[in-house]
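K.L.:
Using only what follows, build the 3D model:
(2 chains)
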Amino acid sequence: MTTEPQNVRIVITDGAIIPDPKERRIITAWSISFVGALAALVYLCTSRPEPYWRLLQFLPDGIAVTFKVTVLSILCSIPIGLVTGLGRLSRNRLINLVASTYVEVVRGIPLLVQLFYIYYALGRFLKVPDLLAAIIALSVCYGAYMGEVFRAGIDSIPKGQTEAARSLGFNRAETMFMVILPQAWRTILPPVGNEFIAMLKDTSLVSIIAVADILRRGREFASESFLYFETYTMVALIYLLITLFLSKGVSIMESRLNYYDRR
Amino acid sequence: MLKKIVLTLAALLVTANVAFAEKTIVVAQDATWPPMEFVDASKNIVGFSVDYTDAMAKEAGFKIVHKNVAWDGIFAGLESGSYDAIVSSVSITEERKKAMDFTEPYYEVRQALVVPKTTNVTTLDEMKGKTLGGQISTTGYFTIKRAAGVTAKSYDEIGLAMEDLFNGRIDGVVCDDPVAASYALQQEQYAAKMKIAFVIETQEKEFYGIAVKEVLDLLNKGIAAVKAKGIDKQLREKWIGR
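P.N.:
Numbers count the residues shown, from 1 in each chain, chains lettered A, B, ... in the order given. You can find the predicted model right below:
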């Protein structure tokens, strides 16, 4: 008698299990948090319009400021990060040293202190408007982090690519910008997305230099109404919803890139 | 070393036991508000309200523990019971009365506008279109927020607002008059560049009170004693000089 193999699935992995991109799960940590946060928001606004609905109407300009600061800072920090990353990989001792020192210094100072420094300490000599100071501080800080992301991304491209390009007559710059970077971009993009989310959360620090972001608007509301619980619940929910949105975007982007990678 | 620690602890315990007989009231103060309450060079909280409460405690027979708490959230801490009272130049307002109790007033205060020396204004209306700063959640900030045509900017500390004014990022700062005087007249660096434009006239008088949850009667007893003995006048001379 022979036993017929019935739907035997043999899974062969070489380490971590890669989720099947075709598999669609409905209940995930993401969907629970998202639906939960959204439901909480809707429930609070409809069941207790006072103060929640009033709060929701109080905050939008803060949300706009938060987005403005985040987007402009990320746009500035990407070129800074690229230059830093290339500098860190440079064979020129001086350039390498400058880029590495920048990363060391910036990563060694808390963002909050950097904000204070640029706005209040340097404010004695340079009259930087508050929004610009916030963007400069965030760009300088995240530029250093981005530099590490770019360096790792470029490092991840096999040496053979460089060797092949060089032997085909590309010079060093051409090799980097026409061969290596277009490939490294795929590795770099997801962590850049994560940095974007991290930065959005870190923009709550700019309320210290009197930039009217979500948190400061919330604090202003709370300080007048004494509704601390309600205000900070709302502020937390709004941050959560925004970051969940963005993290979904990043994970979609990541799976797309992975998909093409494996084809 | 260990012996020292044990001895210190023992001493602490003994004194704590003695102190137990008297009621201890923990007061929260945002020590960034000279000359009312601020931190001196040796990191102690000093100022008018510190001496005032110490005198109250002595007269009414209780113990005071001063606690330095950031202004933003100082009321939330009272509500959650982290301390018994707030002695931090809190003006008595109708909105605040709804959220907490107040003792008898202990100091009368008015709102003053601090501007660069080059600005010549006599009323708040003349500041239309300008940006004014104040500390978040203070009556000074509420004043500029109510003022028509003025862009209000809120800061965590009044010192940061003054620094921004000094650096020319904003056109003026509104705060309590003793504080305005402390910055614009007494601090050399600022005094060279800034001045008090005017004191804002209001219909209702504004007073500092102590915001409390439960120990209202005891504190009121202290205030009455300090006033009756004339200690408040001495303190006024010492810290405000008027």
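
K.L.:
In chain B, what residue comes closest to chain A?
P.N.:
Nearest residue of chain B to chain A: B:Ser137, at 3.1 Å (Cβ to the nearest Cβ). (C-beta placed from N, C-alpha, C; glycine too.)

K.L.:
Is it correct that that residue is in contact with A:Glu224?
P.N.:
Yes - counting by Cβ atoms under 8 Å, A:Glu224 is a contact partner of B:Ser137 at 7.0 Å.

K.L.:
Which of the two has more residues huddled nearby?
P.N.:
The residue with more neighbours, out of B:Ser137 and A:Glu224 and counting by other Cβ atoms under 10 Å in any protein chain shown, is B:Ser137; that gives 23 against 16.

K.L.:
Can you list phi and psi of that one for me?
P.N.:
According to degrees, to the nearest 10, the main-chain angles of B:Ser137 amount to phi 70, psi 20.

K.L.:
Residue numbers of chain A in contact with chain B?
P.N.:
Contacts of chain A with chain B, taken as Cβ under 8 Å from any Cβ of the partner chain, map to A:120, A:123-124, A:127, A:129-130, A:208, A:210, A:212, A:216, A:219-220, A:222-226, A:228.

K.L.:
Tell me the secondary structure of the residue most central in space within chain B, please.
P.N.:
Nearest to the centroid of the C-alpha atoms of chain B, with distances taken as Cα atoms, centre = their mean, sits B:Ser89, at 2.9 Å. Under DSSP: H, G, I helix; E, B strand; the rest coil, B:Ser89 falls in the strand class.

K.L.:
what's the nearest residue to it if we skip its chain neighbours?
P.N.:
Excluding its sequence neighbours, the residue lying closest to B:Ser89 (Cβ to Cβ, 6 or more residues apart in numbering or on different chains) is B:Met36, at 4.6 Å.

K.L.:
do the same with A:Ile209
P.N.:
Nearest non-adjacent residue to A:Ile209, counting by Cβ to Cβ, 6+ apart: A:Tyr119, 4.2 Å away.

K.L.:
Same check on A:Gly81?
P.N.:
Closest residue in space to A:Gly81, ignoring its immediate chain neighbours: A:Met146 at 2.4 Å, by Cβ to Cβ, 6+ apart.

K.L.:
what do you get for B:Gln189?
P.N.:
In space, and not counting its chain neighbours, B:Gln189 is closest to B:Phe166: 7.5 Å by Cβ to Cβ, 6+ apart.

K.L.:
can you check A:Ile78 too?
P.N.:
By the measure of Cβ to Cβ, 6+ apart, the closest residue to A:Ile78 outside its immediate chain neighbours is A:Met146, 6.2 Å from it.

K.L.:
Return the distance of the helix or strand that the one you found is a member of from the chain's centre.
P.N.:
In this assignment (DSSP states H and E), A:Met146 forms part of helix A:130-155. Between the centre of helix A:130-155 and the centre of its chain there are 10 Å (Cα atoms, centre = their mean, to the nearest Å).

K.L.:
for chain A, what are the nearby residues on chain B?
P.N.:
For chain B, the residues in contact with chain A under the definition Cβ under 8 Å from any Cβ are B:72-73, B:75-76, B:79, B:95-96, B:98-99, B:133, B:136-137, B:142, B:153-156, B:160-161, B:163-164, B:167-169.

K.L.:
Please flag which of the residues you listed sit within strands.
P.N.:
Secondary structure of these is defined by DSSP state E; positions in strands are B:133, B:153-155.

K.L.:
most neighbours, which of the residues you listed?
P.N.:
Among these, B:Gly133 has the most neighbours (other Cβ under 10 Å), with 28 neighbours.

K.L.:
For that one, give me its contacts.
P.N.:
For B:Gly133, the residues meeting the contact criterion (Cβ atoms under 8 Å, 6 or more residues apart in numbering or on different chains) are A:210, B:144, B:152-155, B:161, B:164-165, B:170, B:172-174.

K.L.:
I'd like the residues you listed laid out as JSON lines, including distance to B:Tyr107.
P.N.:
JSON lines is the format used below for the contacts of B:Gly133 (distance: Cβ to Cβ, whole Å):
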{"residue": "A:Ala210", "distance to B:Tyr107": "28"}
{"residue": "B:Ile144", "distance to B:Tyr107": "22"}
{"residue": "B:Ala152", "distance to B:Tyr107": "25"}
{"residue": "B:Lys153", "distance to B:Tyr107": "26"}
{"residue": "B:Ser154", "distance to B:Tyr107": "24"}
{"residue": "B:Tyr155", "distance to B:Tyr107": "23"}
{"residue": "B:Ala161", "distance to B:Tyr107": "21"}
{"residue": "B:Asp164", "distance to B:Tyr107": "27"}
{"residue": "B:Leu165", "distance to B:Tyr107": "24"}
{"residue": "B:Ile170", "distance to B:Tyr107": "27"}
{"residue": "B:Gly172", "distance to B:Tyr107": "24"}
{"residue": "B:Val173", "distance to B:Tyr107": "20"}
{"residue": "B:Val174", "distance to B:Tyr107": "18"}
